[in-house]
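Novice: The following block contains a protein sequence and its predicted model.
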Amino acid sequence: MAIGVAGLGRMGAAVAKRLLERGHEVAVWNRSPEKAQPLAALGARVAESPAALAGAAEAVITLLTDAAAIEAVYGGPEGLLAGAKPGALFIEMSTVRPETEIALAARVAAAGGEFVECPVGGTVGPALQGKLLGLAGGEAGAVARARPILEALCRRVEHIGPAGAGASMKLAINLPLVLYWQGLGEAMALVRHLGADPALLVDIFADSSGGSNALKSRAGVVAKVMAGESAGPATFDMDGMRKDLRTMIEEARARGFGLP
């Protein structure tokens, strides 16, 4: 299938690479063109604009920073909606508020396309292996149409509800994850004076009620960091984490409660 991918950050690039490996014809676009070059070397075609990307694809996947980036890429004379083919499928995978996805779904429908939101749980490693958790929102028919693509990327795809439902679920699952890493850091401070081997400490935590699935899958990396060693490039940065937390707070406030 001819698939376009707009937004080539860590996750977008990993998704495009996975789709290439699965035999799809992939075109890519990014605001900073140099990020597309490693994918071009793997066989991806580089589009000159979002509109050109949409015009050459049966389905378009977007992984963008925030609502402002979504507006910039989808809107305007060179945006995705301006170049979309009739009946084009858009799969939006950014982590944003539900209201952003609901509004975008309406715009895609007005342009004659079909819309599915599917933010994912997981980082670059699972994306490259097709082991993400997909949290889909949209009309049942559109989700069914998107499912073969999503199943190439995800170990599990759940249709949560209408547009906006996937965004709500993604914010919800990210919240305890962020809290866990903060709590783990504070917990480790309580045993720093023992001078114990970081690998031992992490192993004990992972084997106890103080260990989450996130720790168990990253125990080796955490131990390296605690020992002052390099754990390789980051798969998610603090700016992204702060953005997600702000988004959660905004969504809670809009629904009449706080997240102390």
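Specialist: Here it is on my side, so go on.

Novice: Helices along the stretch 1-150 of the chain, start to end?
Specialist: For the stretch 1-150 of the chain, applying DSSP state H, counting those that start in this stretch gives helices covering 10-21, 37-40, 50-55, 67-74, 80-83, 98-110, 124-129, 140-153.

Novice: and those helices as TSV, adding mean neighbour count?
Specialist: No exception for glycine: its C-beta is placed from N, CA and C like everyone else's. Formatted as TSV, the helices of the stretch 1-150 of the chain follow (neighbours: other Cβ atoms under 10 Å):
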stretch	mean neighbour count
helix 10-21	22
helix 37-40	16
helix 50-55	23
helix 67-74	18
helix 80-83	22
helix 98-110	19
helix 124-129	18
helix 140-153	18
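
Novice: Please identify which of those helices is closest to M226.
Specialist: Among the helices of the stretch 1-150 of the chain, helix 124-129 comes nearest to M226, with 20.0 Å by Cβ to Cβ.

Novice: Give me the packing partners of the closest one, helices and strands only.
Specialist: Judged by 3 or more Cβ pairs under 8 Å, 6 or more residues apart in numbering; DSSP states H and E, helix 124-129 is in contact with helix 10-21.

Novice: The helix it packs on vs helix 140-153, what angle?
Specialist: Angle between the axes of helix 10-21 and helix 140-153 is 90 degrees (criterion: axes from the mean of the first three to the mean of the last three Cα atoms, to 10 degrees).

Novice: picking up where we left off before, nearest to S212, of the helices of the stretch 1-150 of the chain?
Specialist: Of those, nearest to S212 by Cβ to Cβ is helix 124-129, at 15.7 Å.

Novice: how about the helices of the stretch 1-150 of the chain in a markdown table, adding mean pLDDT and distance to A231?
Specialist: Compiled in a markdown table, the helices of the stretch 1-150 of the chain are given as follows (pLDDT from 0 to 100; distance: least, Cβ to Cβ, whole Å):
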| stretch | mean pLDDT | distance to A231 |
| --- | --- | --- |
| helix 10-21 | 97 | 15 |
| helix 37-40 | 96 | 22 |
| helix 50-55 | 97 | 34 |
| helix 67-74 | 97 | 28 |
| helix 80-83 | 97 | 36 |
| helix 98-110 | 98 | 33 |
| helix 124-129 | 94 | 12 |
| helix 140-153 | 98 | 25 |
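
Novice: do you know which of the ones you listed lies nearest A196?
Specialist: In terms of Cβ to Cβ, the element of the helices of the stretch 1-150 of the chain nearest to A196 is helix 124-129, at 27.8 Å.

Novice: residues in contact with stretch 242-251?
Specialist: With Cβ atoms under 8 Å, 6 or more residues apart in numbering as the test, stretch 242-251 has contacts from 65-66, 95-98, 168, 171, 174-175, 178, 258-259.

Novice: out of these, which are buried?
Specialist: The neighbour count (16 or more other Cβ atoms under 10 Å) marks 65-66, 95-98, 168, 171, 174 as buried among the contacts of stretch 242-251.

Novice: Which residues does the helix ranked longest in the chain contact?
Specialist: Assignment by DSSP state H gives helix 165-189 as the longest helix of the chain. By Cβ under 8 Å, 6+ apart, the residues outside helix 165-189 that reach it are 95-98, 100-101, 117-121, 135-138, 160, 201, 205, 210, 212, 214-215, 222, 226, 241, 244-245, 247-248, 251, 259.

Novice: so which of the helices of the stretch 1-150 of the chain comes closest to F236?
Specialist: When the helices of the stretch 1-150 of the chain are compared (using Cβ to Cβ), the closest one is helix 10-21, at 7.6 Å.
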